[in-house]
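**Student:** Here's my sequence, what's the structure:
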Amino acid sequence: MRKSTVVWLTLTVGAICAAAASKRAEPPTPVRLSGSAIAALQKVDPERIRAHVRFLSHDLLEGRGTGQRGGDIAAEYIATQFSLSGLTPAGDNGTYMQKVPMVGVTTASETTLSLVPSKGEAKELKFLTDYVGYNENQQAISDIDADIVFVGYGIEAPEYNWDDYKGVDVKGKVLLMLVNEPPSDDPKFFNGRALTYYGRWTYKFEEAARKGAVGAMLVHKTEMASYPWEVVRNSNSGEKAYLKLDGATKLTMASWIHFDVARDLAAGAGMDLNKMIADAGSRDFRPVALPVKLRAHIVSKVRPFESNNVIAMLPGSDAKLKSEAVIYTAHYDHLGIRPDMQGDNIYNGANDNATGCGILLELARTFSLATVKPRRSILFASVTAEEQGLLGSEYLGKHPPVPAGKITLDLNFDDIPPLGSPEEVQVSGAERTTFYPKVQALAEEFRLKIRPDSRPEAGHYYRSDHFSLARVGIPSFSINEGVKYKGHDAAWGVQQADEYTAKHYHQPSDEYHADMDFTGDAAMARFGFALGWEAATQPKLIGWEKGDEFEAARLRSGGGE
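**Tutor:** I've put the predicted structure just below:
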């Protein structure tokens, strides 16, 4: 093997990185990358990222819905780009496609949900206006006539000395619960303001099913969920995809209800919702049986189908280490078309996540141009059904092309706003890995200040595909811009983020525009390239910091030191 030339990565990368900043008093910590790596890194092209985003978010792709024509076209496009880059197929049977067996469930108009108090009139709930919900058991017709029990936050977390269930038998009940976690600024209690997995709706549904509940109703409140009801409604207005049942217990009705509905429900039970929320913040909270039943007739259209993860590999150059890998991930799906909506009803998903796919494809191309390849192999996976609950990445984590214990790092890209040259980077979760010193050093070289998660209470770490790989032990985090951009103050960046969340996130207006500036997306691609290359050359596999919640999974996978 030809020995690659090693150079110091200092001002060279700073010059090519669009995220230029003012000079500092102290020089950055040098990090070594090969000349081949730097030469390839310099070829990252923001206009190529733009071209991918423009195509993937075009109306012709119909919002890239999971299991729909537009989503399948997107997968074929990505596979074609991998092929053009000369990458090895890493899917099923020598192809780029990893088939993901799924079932689509659409709640039909014949479905009825009513809150029936022990005294007084029943209140019928309106789909999308009052609630959204699906039959996770994937049955065409199901009926529920069950008592409602308020279980606070619906969390059982022994490590935090917290149990909302207190041993109460909730089998066959419908559980009313709050989103998020008990509020606290104590970093030793549910990580303080930072949301843990216990605060995610996926955990709450899973735990309710494990307890034998027949249904769950999450009370939506914008301040607690970190997004408005419109996001919940739009994300759950059509077909909902699930992985094909594997024997695990599921809920007959997994639902969200509008805060106003929950308030009326509490009032009908002679209670005050605000007091119930306050009471749920105490360790002494115990489940409260409400004098109200949920009566439901759930009619669902059930459609078995297959979607695809698209996976390619660049084989490593080291005879021993090539069996190990770094993986890059980005989901290609979005929300498709909403047929019942007037006017523009295509959820194009330009930011979310055509941008991440554009970066992934440009990374694949630039890695392929390196004259000397990294020691470990590099995997590129564009996954399906992220918007349906991280399903494609969940399947990938359970069926990786390289054993999880041999994947040293996952770097994920999701919703990278094309706003110009960033002076900050967010790598939330990187600090939980043994690779973090390298992340810090490379951020210095790229003149990027690492910005702490500005909204830790939103639980972003548990809301993107890297989390699925972390669950099987792979050190994982996402790369994104901060809020400080060249030529603007941080307040401007915050304003852009807030406006996007309020007006465009999971809305048809998340569209491509010719004036988008992909300089920052290219900067994130270069930074991610350097991180991945460095991870691929480390003498040992990367791990989680001692005591991290994913450390045990890493050890079980055989990836521990």
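**Student:** Only C-alpha atoms from now on, for both contacts and neighbour counts.
**Tutor:** OK.
**Student:** Low-confidence regions, the stretch 401-550 of the chain specifically.
**Tutor:** For the stretch 401-550 of the chain, residues meeting the criterion pLDDT under 70 lie at 454.
**Student:** any chance you could map the helices in it?
**Tutor:** Assigned by DSSP state H, counting those that start in this stretch, the stretch 401-550 of the chain shows helices spanning 436-445, 466-471, 490-503, 519-537.
**Student:** Pull out the buried positions in the helix or strand following the longest one.
**Tutor:** Tracing the chain past helix 519-537, the next element assigned as helix or strand by DSSP states H and E is helix 551-557. Counting neighbours by 16 or more other C-alpha atoms under 10 Å, one finds that the buried residues in helix 551-557 are Glu551, Ala552, Ala553, Arg554, Leu555, Ser557.
**Student:** can you check stretch 185-198 too?
**Tutor:** Neighbour-count burial for stretch 185-198 [16+ other C-alpha under 10 Å]: Phe189, Phe190, Gly192, Arg193, Ala194, Leu195, Thr196, Tyr197, Tyr198.
**Student:** Need the CA coordinates for it. CSV is fine.
**Tutor:** What follows is stretch 185-198, C-alpha atoms only, in CSV (Å, rounded to 0.1, in the frame of the first residue of the first chain):
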residue,chain,number,x,y,z
ASP,A,185,-32.9,22.4,36.1
ASP,A,186,-31.0,19.7,38.0
PRO,A,187,-28.6,18.0,35.5
LYS,A,188,-28.8,14.8,37.6
PHE,A,189,-32.6,14.6,37.3
PHE,A,190,-33.6,13.7,33.7
ASN,A,191,-30.6,15.7,32.5
GLY,A,192,-32.1,18.9,33.7
ARG,A,193,-33.5,20.9,30.9
ALA,A,194,-32.2,18.5,28.3
LEU,A,195,-34.9,16.0,27.2
THR,A,196,-34.0,12.3,27.6
TYR,A,197,-35.7,9.5,25.7
TYR,A,198,-38.2,9.2,28.5
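**Student:** for the record, mean pLDDT for that stretch?
**Tutor:** Taken as a whole, stretch 185-198 has a mean pLDDT of 86.
**Student:** What of stretch 80-100?
**Tutor:** On average, stretch 80-100 scores 98.
**Student:** Put the alpha carbons of it into CSV.
**Tutor:** The C-alpha trace of stretch 80-100 is given here as CSV (Å, rounded to 0.1, in the frame of the first residue of the first chain):
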residue,chain,number,x,y,z
THR,A,80,-28.1,6.0,-9.2
GLN,A,81,-25.9,8.7,-7.7
PHE,A,82,-24.1,6.2,-5.6
SER,A,83,-23.5,4.1,-8.7
LEU,A,84,-22.2,7.1,-10.6
SER,A,85,-19.7,7.7,-7.8
GLY,A,86,-18.5,4.1,-8.2
LEU,A,87,-19.5,2.9,-4.8
THR,A,88,-20.1,-0.7,-3.9
PRO,A,89,-23.8,-1.8,-3.4
ALA,A,90,-24.3,-2.7,0.3
GLY,A,91,-28.0,-3.5,0.3
ASP,A,92,-29.7,-6.8,-0.4
ASN,A,93,-28.5,-9.3,-2.9
GLY,A,94,-25.8,-7.2,-4.4
THR,A,95,-28.0,-4.1,-4.8
TYR,A,96,-28.1,-0.7,-3.2
MET,A,97,-31.6,-1.4,-1.8
GLN,A,98,-32.2,-2.8,1.7
LYS,A,99,-35.9,-3.8,1.7
VAL,A,100,-37.7,-2.7,4.8
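**Student:** sorry, back to before: mind putting the buried residues of stretch 185-198 into JSON lines with distance to Leu541 and secondary structure?
**Tutor:** Below are these laid out as JSON lines (distance: C-alpha to C-alpha, whole Å; DSSP: H, G, I helix; E, B strand; the rest coil):
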{"residue": "Phe189", "distance to Leu541": "30", "secondary structure": "coil"}
{"residue": "Phe190", "distance to Leu541": "29", "secondary structure": "coil"}
{"residue": "Gly192", "distance to Leu541": "30", "secondary structure": "coil"}
{"residue": "Arg193", "distance to Leu541": "31", "secondary structure": "coil"}
{"residue": "Ala194", "distance to Leu541": "28", "secondary structure": "coil"}
{"residue": "Leu195", "distance to Leu541": "28", "secondary structure": "coil"}
{"residue": "Thr196", "distance to Leu541": "25", "secondary structure": "coil"}
{"residue": "Tyr197", "distance to Leu541": "25", "secondary structure": "helix"}
{"residue": "Tyr198", "distance to Leu541": "28", "secondary structure": "helix"}
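**Student:** In a markdown table: those residues, plus distance to Phe127.
**Tutor:** Formatted as a markdown table, the buried residues of stretch 185-198 follow (distance: C-alpha to C-alpha, whole Å):
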| residue | distance to Phe127 |
| --- | --- |
| Phe189 | 36 |
| Phe190 | 33 |
| Gly192 | 35 |
| Arg193 | 32 |
| Ala194 | 32 |
| Leu195 | 29 |
| Thr196 | 30 |
| Tyr197 | 27 |
| Tyr198 | 27 |
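**Student:** Closest one of the residues you listed to Met271?
**Tutor:** When the buried residues of stretch 185-198 are ranked by distance to Met271 (C-alpha to C-alpha), Tyr198 comes first, at 26.0 Å.
**Student:** if we can go back for a sec, which one of the helices of the stretch 401-550 of the chain lies closest to Val231?
**Tutor:** Of all the helices of the stretch 401-550 of the chain, helix 490-503 comes closest under C-alpha to C-alpha, at 9.1 Å.
**Student:** Show residues contacting that closest one.
**Tutor:** If you take C-alpha atoms under 8 Å, 6 or more residues apart in numbering as the criterion, helix 490-503 is touched by Tyr227, Pro228, Gly482, Val483, Lys484, Tyr485, Ser509.
**Student:** cool, and stretch 199-213?
**Tutor:** 153-155, 169-175, 179-181, 197-198, 215-216, 218, 249-251, 254, 389, 459, 462.
**Student:** Swap in 6 Å and give it another go.
**Tutor:** Contacts to stretch 199-213, defined as C-alpha atoms under 6 Å, 6 or more residues apart in numbering, come from residues Val170, Lys171, Gly172, Lys173, Val174, Asn180, Glu181, Thr249, Lys250, Leu251.
**Student:** how about that stretch as PDB, C-alpha atoms only?
**Tutor:** This file holds the C-alpha atoms of stretch 199-213, laid out as PDB (Å, rounded to 0.1, in the frame of the first residue of the first chain):
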ATOM      1  CA  GLY A 199     -39.700  12.400  27.300                       C
ATOM      2  CA  ARG A 200     -40.300  11.300  23.700                       C
ATOM      3  CA  TRP A 201     -43.700  10.200  22.500                       C
ATOM      4  CA  THR A 202     -42.200   7.000  21.100                       C
ATOM      5  CA  TYR A 203     -41.100   5.900  24.600                       C
ATOM      6  CA  LYS A 204     -44.500   6.700  26.100                       C
ATOM      7  CA  PHE A 205     -46.400   4.600  23.600                       C
ATOM      8  CA  GLU A 206     -43.900   1.700  24.000                       C
ATOM      9  CA  GLU A 207     -44.100   1.800  27.800                       C
ATOM     10  CA  ALA A 208     -47.900   2.000  27.700                       C
ATOM     11  CA  ALA A 209     -48.000  -1.100  25.500                       C
ATOM     12  CA  ARG A 210     -45.500  -2.900  27.800                       C
ATOM     13  CA  LYS A 211     -47.900  -2.200  30.700                       C
ATOM     14  CA  GLY A 212     -50.700  -3.800  28.800                       C
ATOM     15  CA  ALA A 213     -52.700  -0.700  28.100                       C
END
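**Student:** Just the buried residues of that stretch, please?
**Tutor:** Gly199, Arg200, Trp201, Lys204, Phe205, Glu206, Glu207, Ala208, Ala209, Lys211, Gly212, Ala213.
**Student:** Of these, just say which sits nearest to Val261.
**Tutor:** Trp201 (18.3 Å).
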